[in-house]
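*Asks:* any chance you could fold what I've pasted below:
(2 chains)
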There are 2 protein chains.
Amino acid sequence: MAHGTSGNTPYTGADALCDTLLAGGVDVCFANPGTSEMHFVAALDRRPRMRCVLGLFEGVVTGAADGYARMADKPAVTLLHCGPGLANGLANLHNARRARSPVVNVVGDHATYHRAYDAPLTSDVEGLARPMSDWVRSTDSAATVARDAAEAIRTARTAPGRIATLILPADAAWGQTSSDLPPLPAAPAAEVSEDRVAEAAAAIRSRRRTVLLLTGRALRAPALVTADRIARAAGVRLLAQQSNARIERGAGRVPVERVPYPLDGAIATFRDVEQVILVGAAAPVAFFAYPGRPSSLLPDGCRILTLAEPEADLPGALAALADALGIGPGSHPLVQQIERPAMIDGALTPDSIAAALGALMPEGAILCDEALTSGRRLFELTRGAPPHDFLALTGGSIGIGLPLATGAAVACPDRKVVALQADGSGMYTAQALWTQAREGLDVVTIVFANRSYAILRNEYRSVGAGEPGRNADRLFDLVDPVIDWTGLAKSMGVEAARVEDSRAFADRLSAAFRRKGPFLIEAVI
Amino acid sequence: MAHGTSGNTPYTGADALCDTLLAGGVDVCFANPGTSEMHFVAALDRRPRMRCVLGLFEGVVTGAADGYARMADKPAVTLLHCGPGLANGLANLHNARRARSPVVNVVGDHATYHRAYDAPLTSDVEGLARPMSDWVRSTDSAATVARDAAEAIRTARTAPGRIATLILPADAAWGQTSSDLPPLPAAPAAEVSEDRVAEAAAAIRSRRRTVLLLTGRALRAPALVTADRIARAAGVRLLAQQSNARIERGAGRVPVERVPYPLDGAIATFRDVEQVILVGAAAPVAFFAYPGRPSSLLPDGCRILTLAEPEADLPGALAALADALGIGPGSHPLVQQIERPAMIDGALTPDSIAAALGALMPEGAILCDEALTSGRRLFELTRGAPPHDFLALTGGSIGIGLPLATGAAVACPDRKVVALQADGSGMYTAQALWTQAREGLDVVTIVFANRSYAILRNEYRSVGAGEPGRNADRLFDLVDPVIDWTGLAKSMGVEAARVEDSRAFADRLSAAFRRKGPFLIEAVI
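*Replies:* Got it, this is the predicted structure:
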């Protein structure tokens, strides 16, 4: 590949990076740049094909890259500044990694020869990157940028997706290099293991009580149709992992339940199950440990088989399993009927919010769920809504909801994105609202303003610590002062309204669905 | 030490942690807890002597711990939740580490036996902690908590201060243990190296043009008096490192200039210097590398000597140096006279803000400077103000100003804290305003609302990239929409006002100085 630049500007490592990204289909850059990235910014500036989206904090940048990847099925690139800038983005990279989203991070760093001087911003960037990355490399010079960027893209695109972190020293960005770029290596194709398929088929034929535990691409509509055929013909139960990057669901699609979050409910889900067959999923475990309670959710003696590792071709594995079981494509799948919940009047509650959402949400909506304790019935009450996508908090690292919605909206400008946001976790990365305003993104944010870290209050009780005293109360309650989410949103250019009863909420929600652009509803519950 | 708890509650590892902290003089906890810390929260709740201060984001927590440590000269403890919670706090831990502030981090983690299950929130907590910590340990069980906490405190208190990160698995927190706690090991005393003193004295006697480069405790008032005696008697120049954790300055104190931030000015400062004697400081280097420019700020052939390593007794080393040079305590130091700058009328500018601050600030103020490009004359125009402390961004990781002011105000409730805050970096950790409101902290925040990452625009020019185009403009400008800082502050319970001319600014500032409690001035420049 040869790529020209205009005029007499020398071709730099930063140019090679941009051109490699574009050649690899990476054309959205979520960015929070710093001084050491100026040559990269200059190269981006010479390439208007690259869409640059500014986040005012790095957690917004990485969370948006995750939301983008989940909906676009390809990586965006992030632009982060040195170790501390990367550090600010790590929490949402943790979630992205658990979602197995493809992300390419470009982290600017000091010039290679400047590192030894230990200037104030110097830090161990590789050490910071490693815990939340599947691949980390610090490129040596302008000459190696294209090769390393190509490998970062290939890594990120390795199914279902990986976190690739490329560290770009300033002198590698500003150094001159050739514009003859090496060919892009193709990402390896996801595969199906015939042995695992045969083993799973044999296990199913044994007629033990079986759960097929799904995640990843197995939760897209076509794969769910295959899974449904297997479930009905072979008498196995379908279940989605507790938390999933993306589920295609709603009317006309095969419905699938999730493993519940609360420990008792999760254990009850697997009671009497004799074998679990993993389809991209992990063996089900408790989210947290509790004194005297088990870590595994499965009953003693329950077998665990793997039909497909997370990296495998999950839809292909399901199809192969159906074939191995002799299940033909014959019958129509048992899909969800359109079934809008009844609205609930009176005081606003998490349930009345979920009911209104289920009743009013438009076709093609993208729900980004970080409602936590307030969202326990969201999944159920949106089940029969028009077809939509459901994106969840995959890594338990709070502060992803608003960035995730931001990235999903960049990926899908013609769809309505709904951020379902607990107030405590929303405060981690509220800066995402500014990006939504800046980019005119079509996101409706519902803040569940219960004005507490309700999950902690629940957990405090469940560890038997009794009633909270002053120190605990002060750590659980988001009062004194109450956060004015409406004012907060407006301060960043997002229109907003506060509602305190169910009817007003429904009115605001349908108005927000009728218009385009960001809108925030502070739902006081 | 034996510590009782009330009633029949079993004594847990979390209790042992709290009691060890209190015994070690650590009685402020900046916290953003999560589920795995509930037993620690319960133990805190049983100890009202521990002051718990909630931050709504971990960058607030760690930045506040830094501000507290700089003013209290002792560590606070932070409470962070698992790897991602720690990750969110790393950027300001980087600054704290560069400030050599003492900080004890307690990071909750999964129960030891639960880690192997790779639940969604599992991550390499030690790996994340290491780059920004001087000491990291994951305690094994309830029985080892007190010992490990004692070592964390001893490490943090090792002069001048270190970052100690103690990882607390949930089962170590909830497990029962003995309330007979081991004795606290004392932190090692800071020392003076006689060899280094003799070497520095000999170098000064050589009559080469010499700079005494100071930082840390060498910038407190008594040490500066000693340094001034040396400077005047021996004809050496005093200079503070570019960025310092804390300088005691203002009227009645020995004034000291800082190495400028811009590269040209920094190099000019050392022109003709023949030797630099480091007093806790690092050899002066460029903040960033630039093509074709040097990394070191010193002229060729300039000697570098070390009077005292950062860990040494810096005031003691200066006193020993004065003795070695035969300089008696005789004369009065040449201190700064009270000298308020004239106010500047007309349109609001960074300089008119700095002048008004210098003219109006009360005695004992604590200035927390993250004004960046807008603050270039702040230091100069506050030089003759009444005695005050000046706290700077030590590690170049932006987003510390508001948290730093928060922590300083917790440490010094009877002093007026002034946060000098650039708007771009203020958006990283604006959640600190909520903590200021919650705790009723006496902080005046001045937001320099230039509505851009001005430093990037400057740097873009300086790398010769020409005029920014659309992609670069969109990454540099904080417009479309403009951030309404007044509304943002009010949404978190902090009173605020926007001003656009110098007279209105001065009026607002003096009103803010006359009242108690947090107030934010959005200074549109």
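*Asks:* please name the residues that touch A:Arg209.
*Replies:* A:Arg237, A:Asp272, A:Val273, A:Glu274, A:Gln275 (CB atoms under 8 Å, 6 or more residues apart in numbering or on different chains). Where you see a C-beta, it was placed from the backbone N, CA and C, and this is true even at glycine.
*Asks:* what's the closest residue to the first one other than its chain neighbours sitting at in phi/psi?
*Replies:* What sits nearest to A:Arg237 in space, not counting adjacent residues and going by CB to CB, 6 or more residues apart in numbering or on different chains, is A:Val211, at 4.9 Å. For A:Val211, the backbone dihedrals (degrees, to the nearest 10) come out as phi -110, psi 130.
*Asks:* can you count the residues close to A:Val211?
*Replies:* 23 (other CB atoms under 10 Å in any protein chain shown).
*Asks:* next, A:Pro160: phi, psi?
*Replies:* According to degrees, to the nearest 10, A:Pro160 has phi -80, psi -10.
*Asks:* leaving out sequence neighbours, find the closest residue to it.
*Replies:* Counting by CB to CB, 6+ apart, A:Pro160 lies nearest to A:Arg100, which is 4.5 Å off, once chain neighbours are set aside.
*Asks:* for that neighbour, what are phi and psi?
*Replies:* Dihedral pair for A:Arg100: phi 50, psi 40, per degrees, to the nearest 10.
*Asks:* among the contacts of A:Arg209, which one sits closest to chain B?
*Replies:* A:Val273 (17.7 Å; CB to the nearest CB).
*Asks:* so that closest one is in contact with A:Asp300, correct?
*Replies:* No: counting by CB atoms under 8 Å, A:Val273 stays clear of A:Asp300, with 11.3 Å between them.
*Asks:* look at those two and report which has more neighbours.
*Replies:* When neighbours are counted by other CB under 10 Å, A:Val273 and A:Asp300 differ, and A:Val273 comes out ahead with 20 against 6.
*Asks:* who's in contact with that one?
*Replies:* A:Val273 neighbours (CB under 8 Å, 6+ apart): A:Arg209, A:Thr210, A:Val211, A:Arg237, A:Leu298, A:Pro299, A:Cys302.
*Asks:* how about the residues of the stretch 101-250 of chain A by chain B?
*Replies:* Listed as neighbours of chain B in the stretch 101-250 of chain A under the rule CB under 8 Å from any CB of the partner chain: A:110-111, A:113-114, A:117-121, A:123-124, A:127-128, A:130-132, A:170-171, A:174, A:242-243.
*Asks:* give me the buried subset of those residues.
*Replies:* Neighbour-count burial (16 or more other CB atoms under 10 Å in any protein chain shown) is assigned, among those, to A:110-111, A:114, A:117, A:119-121, A:123, A:128, A:130-132, A:170-171, A:174, A:242-243.
*Asks:* just the ones of those residues in helices?
*Replies:* A:Leu128, A:Ala170, A:Asp171, A:Trp174 (DSSP state H).
*Asks:* what sits against A:Met361?
*Replies:* So A:Met361 contacts A:Leu367, A:Thr382, A:Ala385, A:Pro386, A:His388, A:Lys416, A:Val418, A:Phe513 (CB under 8 Å, 6+ apart).
*Asks:* how much space separates it from A:Leu420?
*Replies:* For A:Met361, the distance to A:Leu420 equals 11 Å [CB to CB, to the nearest Å].
*Asks:* need the overlap of contacts for these two.
*Replies:* Shared contacts of A:Met361 and A:Leu420, counting by CB under 8 Å, 6+ apart, come down to A:Leu367.
*Asks:* quick check, the longest helix along chain A touching chain B?
*Replies:* The longest helix of chain A (DSSP H) is helix A:82-98. Yes: for helix A:82-98, a contact with chain B is found by CB under 8 Å from any CB, at A:Cys82, A:Gly83, A:Pro84, A:Gly85, A:Ala87, A:Asn88, A:Leu90, A:Ala91, A:His94, A:Asn95, A:Arg98.
*Asks:* report the rounded mean pLDDT for that helix.
*Replies:* For helix A:82-98, mean pLDDT is 98.
*Asks:* and that helix with helix B:82-98, angle?
*Replies:* Here helix A:82-98 runs at an angle of 180 degrees relative to helix B:82-98 (axes from the mean of the first three to the mean of the last three CA atoms, to 10 degrees).
*Asks:* how far does helix A:82-98 sit from its chain's centre?
*Replies:* From the chain centre to the centre of helix A:82-98 is a distance of 13 Å (CA atoms, centre = their mean, to the nearest Å).
*Asks:* if we can go back for a sec, nearest to B:Pro160 among the ones in helices among the buried ones among the residues of the stretch 101-250 of chain A next to chain B?
*Replies:* Set against B:Pro160, the nearest of these by CB to CB is A:Leu128 (24.4 Å).
*Asks:* quick one: neighbours of A:Glu339, just the number.
*Replies:* Neighbourhood size, A:Glu339 [other CB under 10 Å]: 11.
*Asks:* did I read that right, it in a helix?
*Replies:* No: going by DSSP: H, G, I helix; E, B strand; the rest coil, the assignment for A:Glu339 is coil, not a helix.
*Asks:* tell me how far the spatially closest residue to it that is not a sequence neighbour lies from chain B.
*Replies:* Closest residue in space to A:Glu339, ignoring its immediate chain neighbours: A:Gly384 at 2.7 Å, by CB to CB, 6+ apart. Going from A:Gly384 to chain B by CB to the nearest CB, to the nearest Å gives 28 Å.
*Asks:* contact partners for A:Gly384?
*Replies:* Each residue near A:Gly384 by CB under 8 Å, 6+ apart is listed here: A:Gly250, A:Ala251, A:Gln336, A:Gln337, A:Ile338, A:Glu339, A:Arg340, A:Pro341, A:Gly358.
*Asks:* before we move on, what about A:Val225?
*Replies:* A:Val254, A:Pro333.
*Asks:* name the SS class of it, please.
*Replies:* Under three-state DSSP, the three-state class of A:Val225 is helix.
*Asks:* how close does it sit to A:Ala322?
*Replies:* 10 Å.
*Asks:* related to what we said a few turns ago, can I get the ones in helices among the buried ones among the residues of the stretch 101-250 of chain A next to chain B in JSON lines with distance to A:Arg377 and pLDDT?
*Replies:* Output for those, formatted as JSON lines (distance: CB to CB, whole Å; pLDDT from 0 to 100):
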{"residue": "A:Leu128", "distance to A:Arg377": "39", "pLDDT": "98"}
{"residue": "A:Ala170", "distance to A:Arg377": "51", "pLDDT": "97"}
{"residue": "A:Asp171", "distance to A:Arg377": "55", "pLDDT": "97"}
{"residue": "A:Trp174", "distance to A:Arg377": "54", "pLDDT": "96"}
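*Asks:* roughly how far out does the lowest-mean-pLDDT helix or strand in chain A sit from the chain middle?
*Replies:* For chain A, counting by mean pLDDT, DSSP states H and E, helix A:454-462 ranks last in confidence among helices and strands (a mean of 86). Put simply, helix A:454-462 sits 25 Å off its chain's centre (CA atoms, centre = their mean).
*Asks:* ok, now stretch A:183-200?
*Replies:* For stretch A:183-200, the distance to the chain centre is 24 Å (CA atoms, centre = their mean).
*Asks:* now A:Gly280: how far from A:Val103?
*Replies:* A:Gly280 sits 19 Å away from A:Val103, going by CB to CB.
*Asks:* please say which of the two ends up with more neighbours.
*Replies:* Taking neighbours as other CB under 10 Å, A:Gly280 and A:Val103 compare with A:Val103 leading, 31 against 27.
*Asks:* still on that earlier bit, closest to chain B out of the contacts of A:Gly384?
*Replies:* Nearest member of the contacts of A:Gly384 to chain B, counting by CB to the nearest CB, is A:Gly250, at 24.9 Å.
*Asks:* how about that closest one, what does it touch?
*Replies:* For A:Gly250, the contacting residues are A:Gln336, A:Thr382, A:Arg383, A:Gly384, A:Ala385, A:Pro386, A:Pro387, A:His388, by CB under 8 Å, 6+ apart.
*Asks:* excluding chain neighbours, what is closest to the second one?
*Replies:* If the residues on either side of it in the chain are set aside, A:Thr382 comes closest to A:Gly358, at 4.6 Å by CB to CB, 6+ apart.
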